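Undergrad: Just to be clear, the model below is a prediction. Sequence and coordinates:
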Amino acid sequence: MLKRQDLYFIGVLLILFLPFIFSSSLLKAYENFNHEHGLITSFIKFSILATIGELLGLRIRTGSYIKKGFGIIPRMFVWGLIGVTVKISFIIFSIGTPAFLEYAGVKGATEALLGKMSAQKVFVAFCTSLALNIIYAPVMMTFHKITDMHILSYQGQLKALVSPINFRKIFVNLNWSVQWNFVFKKTIPLFWIPAHTITFLLHPDYQVLFAAFLGIMLGAILAVADMTDKPSVKKTN
């Protein structure tokens with residue numbers, strides 16, 4: 001049953017997105033800026049949408065969207081940086097995977113991915129998603145988990161952004177049973193590979209936006225993972 005906080009949350013989402021739906025000039029301005037400044041918009045989109053996903057995950061996990069020590073601002077900054085790497089990885093894999101397929105004997109893979117919808121386009125998009133999620137996604141997900149634990153160790157304070165991350169200590173104390181058996185083995189093949197296959201079927205200007213919207217789903221997925229992952233959080237420096 002929806003509570004008042006849920007209505008507020010939905011209201012904020014409507015305020016964020018409805019202007020782009022009803023104002024063609026605003027949407028056009030966004031499209032132009034996104035095309036010319038893809039890395040900047042990737043930072044902004046992920047910092048907002050992926051953090052919204054984490055807030056949704058917090059609601060699922062604790063019953064509230066706000067929790068002391070959660071660290072919304074530090075999380076937004078980290079997600080923004082991850083968004084930049086997502087944009088870079090999309091460029092690398094959307095060019096490199098078709099090139100590899102052509103090297104392996106699949107003729108016209110590059111043209112297929114850029115062309116109209118076809119069986120070959122879907123196949124190349126799937127291969128691109130597969131490569132992305134096998135090579136890049138596990139590193140990104142592990143980095144996110146490390147930064148998440150780092151932020152929590154500073155009770156969500158902005159100090160976490162300027163304090164060195166003790167990668168070695170956090171890395172060895174990750175719950176690898178959850179990280180491997182759930183995050184990697186289940187979410188990557190069952191959700192992320194199919195979802196990013198759809199992503200690579202879209203026009204490049206909309207790929208990162210769609211991926212950022214998937215970040216909302218990521219928040220819910222991480223919430224489920226965190227329900228079985230309750231590590232003790234201590235300051236790591």
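TA: Thanks, I have the structure now.

Undergrad: Which residue ranges of the protein form helices?
TA: Listed in chain order, the helices of the chain (DSSP state H) span residues 4-22, 24-36, 38-62, 72-103, 109-114, 119-135, 137-153, 159-162, 167-172, 176-178, 193-199, 204-227.

Undergrad: Could you export the ones you listed as CSV, including distance to Thr187 and mean pLDDT?
TA: C-betas here are computed from N, CA, C, even on glycine. Formatted as CSV, the helices of the chain follow (distance: least, Cβ to Cβ, whole Å; pLDDT from 0 to 100):
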stretch, distance to Thr187, mean pLDDT
helix 4-22, 23, 86
helix 24-36, 27, 88
helix 38-62, 13, 89
helix 72-103, 16, 96
helix 109-114, 24, 95
helix 119-135, 9, 97
helix 137-153, 8, 94
helix 159-162, 26, 96
helix 167-172, 20, 94
helix 176-178, 11, 89
helix 193-199, 10, 95
helix 204-227, 5, 76
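
Undergrad: Could you report the distance from the residue of the chain most remote from its centre to Ile135?
TA: Taking Cα atoms, centre = their mean, the residue of the chain most remote from its mean C-alpha position is Gly105, at 32.3 Å. Applying Cβ to Cβ, to the nearest Å, the value for Gly105 to Ile135 is 21 Å.

Undergrad: May I have the distance across stretch 177-194, first residue to last?
TA: Terminal residues of stretch 177-194 lie 24 Å apart, using Cα to Cα, to the nearest Å.

Undergrad: ok now that stretch, how far from the chain's centre?
TA: Centroid displacement of stretch 177-194 relative to its chain, using Cα atoms, centre = their mean, to the nearest Å, is 14 Å.

Undergrad: Buried residues, that stretch. List them.
TA: Residues of stretch 177-194 classed as buried: Val178, Gln179, Phe182, Val183, Phe184, Thr187, Ile188, Trp192, Ile193 (neighbour count, 16 or more other Cβ atoms under 10 Å).

Undergrad: ok, now stretch 95-103?
TA: For stretch 95-103, the neighbour count (16+ other Cβ under 10 Å) marks Thr97, Pro98, Leu101, Glu102 as buried.

Undergrad: which residues touch that stretch?
TA: Applying Cβ atoms under 8 Å, 6 or more residues apart in numbering, the contact partners of stretch 95-103 are Gly108, Ala109, Thr110, Ala112, Leu113, Val124, Cys127, Thr128, Ala131, Leu132.

Undergrad: you'd agree the fifth one is up against Thr128?
TA: Yes. The pair Leu113 / Thr128 is scored as a contact, 7.0 Å apart, by Cβ atoms under 8 Å.

Undergrad: Now do the shared contacts for the two.
TA: Shared contacts of Leu113 and Thr128 (Cβ under 8 Å, 6+ apart): Ser94, Pro98, Phe200.

Undergrad: what's the closest of those to Ile48?
TA: Nearest to Ile48 among those, counting by Cβ to Cβ, is Phe200 at 22.7 Å.

Undergrad: Can you report how many residues lie near the closest one?
TA: A count of nearby residues for Phe200, using other Cβ atoms under 10 Å, gives 24.

Undergrad: With neighbour numbers in mind, choose between Leu113 and Thr128.
TA: Taking other Cβ under 10 Å, Leu113 and Thr128 do not tie; Thr128 has more neighbours (26 against 23).
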